[in-house]
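Q: Build the 3D model from these lines:
(one chain, ligands or ions: 1)
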Amino acid sequence: MQQEKFDIVIAGAGLAGLTLAVQLAQRTFFQDKKILLIDRDTKEKNDRTWCFWATDEEPLPPVLFKTWESCRFFSENAEVPMRISPFKYRMIRGIDFYTWAKEQISQVPHIQIITANILAIDPATGMVSTSAGDFIGNRIFNSARTTLPLLPEAGAQYPLPPISQLAVQKKEKQYTWLLQHFKGWIIETPEPAFDPATVTFMDYRTKQQSETRFVYVLPFSPTRALVEFTVFSPALCAAEEYDVALQDYIRNQLNIRDYRVEDTEFGVIPMTDHPMGPQVDRRVVNIGTVGGFVKPSSGYAFKRTQRKMQAFIDGWEKTGAPNPALLQSPRAFRILDSIMLRVLGDRLLPGHILFTQIFRKLEAPLVFRFLDEDATFAETLRLLNAPPALPFLKAAWRQCRQFFHV
Ligand SMILES: Cc1cc2nc3c(=O)[nH]c(=O)nc-3n(C[C@H](O)[C@H](O)[C@H](O)COP(=O)(O)OP(=O)(O)OC[C@H]3O[C@@H](n4cnc5c(N)ncnc54)[C@H](O)[C@@H]3O)c2cc1C
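A: Residues are numbered from 1 along each chain as shown. Coordinates of the predicted model:
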């Protein structure tokens, strides 16, 4: 049977796939390209929310759900002042982004969307095998499938596979493997209980259990908020542990006795320096989580995905050829991420102490610029000087030893 041929196949229409498709739809340079977008899901549910910091000048999809101008940070035992201006903390709901992106794509005739399960991608022939038939892509951008056995499947949602399947086996010792896993409840209270102007960015007043554990609160109104318990560790917690931590925090830190759980969010984000480079081979370019778009040391990916795609498509338009190197972070930041992960992964410094020291000694906009990979050399040096030096020197040494098998 003759397979239909496309100039570009986008495998996976989540954050990265849709961001790419919107960029391709909006530029006349690509209007003669035949493009296929495939996802097994129709993306009609609000399967996640994305939060991130951004200034008013940064270009963002026009679907912001909420913006907060201030954030709070709590160490184990005290509040640390946090001023985020000129940044604001922002939230986009998955469903709003998916609907807007599909609307943009539907305005051009050369991009086709199908709902199908992708079964295999053959880099040699460009064949994408799906439950709705096989297609040939001259170029394939993949965010749907990972060949890395140690990660949860891209887009893994609650309920997840058994913990044993997600537990990280440290097979490749030169890399750090951590999971950022979280469960959030959207709660509604009968009486006003939240300051809707202020996000709780990190609250470490929760038992650490030798891991990095904090609570994050996004208030939508005085009576409604998302309260999320987050852990950085090699494996997931037992299911009930998230609920116990949330109940404990709501009762003992928020002092709320009466509330109703309106909705639940559960997610797992890989935090690893394992090379998940964008280029699989000449034809297949991995994007999104499987392309290494998640910032290893923070787990944030939304704004990075917008920025990486913008730079990549700008480059393609300018030179006439795609350059996957434009999707990679600068080497210096990748090295710093590896060291930071090693500090957390090897527990050289507990996460709550590390982040408290950073936010106590430095202004939040500098930390945000560092995590955005926009920090100057002088700002990077200030950040490296904030936490105690010894754990970082040890981590750098271990990193070198692991890497060179010394
Ligand atoms: C619950 C949750 C909350 C998050 N919150 C934030 C946040 O606040 N801020 C932030 O910066 N980052 C956040 N992240 C991290 C990151 O931004 C998201 O995971 C983001 O969606 C990653 O984009 P992606 O395109 O790689 O994956 P996805 O958006 O998950 O897209 C992958 C797509 O591939 C499809 N797919 C998978 N397998 C197949 C198959 N076999 N066949 C067909 N289709 C397939 C899926 O249906 C999905 O649509 C969050 C992640 C999760 C899971």
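Q: Tell me what the residue nearest to residue 4 when sequence neighbours are not counted is bridged to.
A: Excluding its sequence neighbours, the residue lying closest to residue 4 (Cβ to Cβ, 6 or more residues apart in numbering) is residue 135, at 5.5 Å. To be clear about C-beta, it is placed using only N, CA and C from the backbone, and glycine gets the same treatment. Using DSSP bridges, the bridge partners assigned to residue 135 are residue 4, residue 128.
Q: And residue 135, what's its pLDDT?
A: For residue 135, the pLDDT comes out at 96.
Q: Would you map out the domains in the protein?
A: 4-51+93-148+276-327, 163-272, 331-404 (automatic domain parsing).
Q: could I get the ones you listed as a markdown table with mean neighbour count and distance to residue 62?
A: Formatted as a markdown table, the domains of the chain follow (neighbours: other Cβ atoms under 10 Å; distance: least, Cβ to Cβ, whole Å):
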| stretch | mean neighbour count | distance to residue 62 |
| --- | --- | --- |
| domain 4-51+93-148+276-327 | 19 | 7 |
| domain 163-272 | 18 | 20 |
| domain 331-404 | 17 | 21 |
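Q: Out of these, flag the one nearest the ligand.
A: Closest to the ligand of the domains of the chain is domain 4-51+93-148+276-327 (Cβ to the nearest ligand atom; 1.8 Å).
Q: How about the secondary structure of residue 84?
A: For residue 84, the assignment made with DSSP: H, G, I helix; E, B strand; the rest coil gives coil.
Q: Surely it and residue 369 touch.
A: No - with contact defined as Cβ atoms under 8 Å, residue 84 does not reach residue 369; the gap is 11.4 Å.
Q: For those two, list the residues in contact with both.
A: Residues touching both residue 84 and residue 369 (Cβ atoms under 8 Å, 6 or more residues apart in numbering): none.
Q: Can you show me the strands along the stretch 51-200 of the chain?
A: Along the stretch 51-200 of the chain, counting by DSSP state E, counting those that start in this stretch, strands occupy 64-68, 70-74, 79-80, 88-93, 111-115, 118-122, 127-130, 133-142, 177-188, 198-203.
Q: Distance to residue 221 for those strands - can I get that in a markdown table?
A: Listed next are the strands of the stretch 51-200 of the chain as a markdown table, based on distance: least, Cβ to Cβ, whole Å:
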| stretch | distance to residue 221 |
| --- | --- |
| strand 64-68 | 10 |
| strand 70-74 | 16 |
| strand 79-80 | 23 |
| strand 88-93 | 13 |
| strand 111-115 | 35 |
| strand 118-122 | 40 |
| strand 127-130 | 43 |
| strand 133-142 | 39 |
| strand 177-188 | 9 |
| strand 198-203 | 13 |
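Q: The ones you listed: lowest mean pLDDT?
A: Taking the mean pLDDT of each of the strands of the stretch 51-200 of the chain, the lowest value is held by strand 118-122, a mean of 87.
Q: Not counting its own residues, what contacts it?
A: 11-12, 38, 40, 127-131, 140, 142, 144-145, 284.
Q: gap between it and the chain center?
A: 24 Å (Cα atoms, centre = their mean, to the nearest Å).
Q: Render the CA-only coordinates of that strand in CSV, please.
A: This file holds the C-alpha atoms of strand 118-122, laid out as CSV (Å, rounded to 0.1, in the frame of the first residue of the first chain):
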residue,chain,number,x,y,z
ILE,A,118,1.7,6.3,17.2
LEU,A,119,3.1,2.8,17.3
ALA,A,120,6.6,3.3,15.8
ILE,A,121,8.8,5.8,14.2
ASP,A,122,11.5,4.5,11.8
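Q: Does the nearest residue to residue 184 once chain neighbours are set aside belong to a helix, a strand or coil?
A: Among residues not flanking residue 184 along the chain, residue 228 sits closest, at 3.3 Å (Cβ to Cβ, 6+ apart). Assigned by three-state DSSP, the conformation of residue 228 is strand.
Q: Test my guess that residue 228 contacts residue 267.
A: No - the criterion here is Cβ under 8 Å, and residue 228 misses it with residue 267 at 9.1 Å.
Q: okay, and the common contacts of these two?
A: residue 182.
Q: Next one: the closest residue in space to residue 288 that isn't next to it in sequence from residue 315, what distance?
A: With Cβ to Cβ, 6+ apart as the criterion, residue 288 has its nearest non-adjacent residue at 3.0 Å, and that residue is residue 16. Counting by Cβ to Cβ, to the nearest Å, the gap from residue 16 to residue 315 is 17 Å.
Q: How about residue 346?
A: 37 Å.
Q: try residue 139
A: 14 Å.
Q: Hmm, residue 290 and residue 276 touching each other?
A: Yes - counting by Cβ under 8 Å, residue 276 touches residue 290, with 6.0 Å between them.
Q: The strands of the stretch 51-200 of the chain: which one's closest to residue 382?
A: Nearest to residue 382, of all the strands of the stretch 51-200 of the chain, is strand 79-80, at 16.8 Å by Cβ to Cβ.
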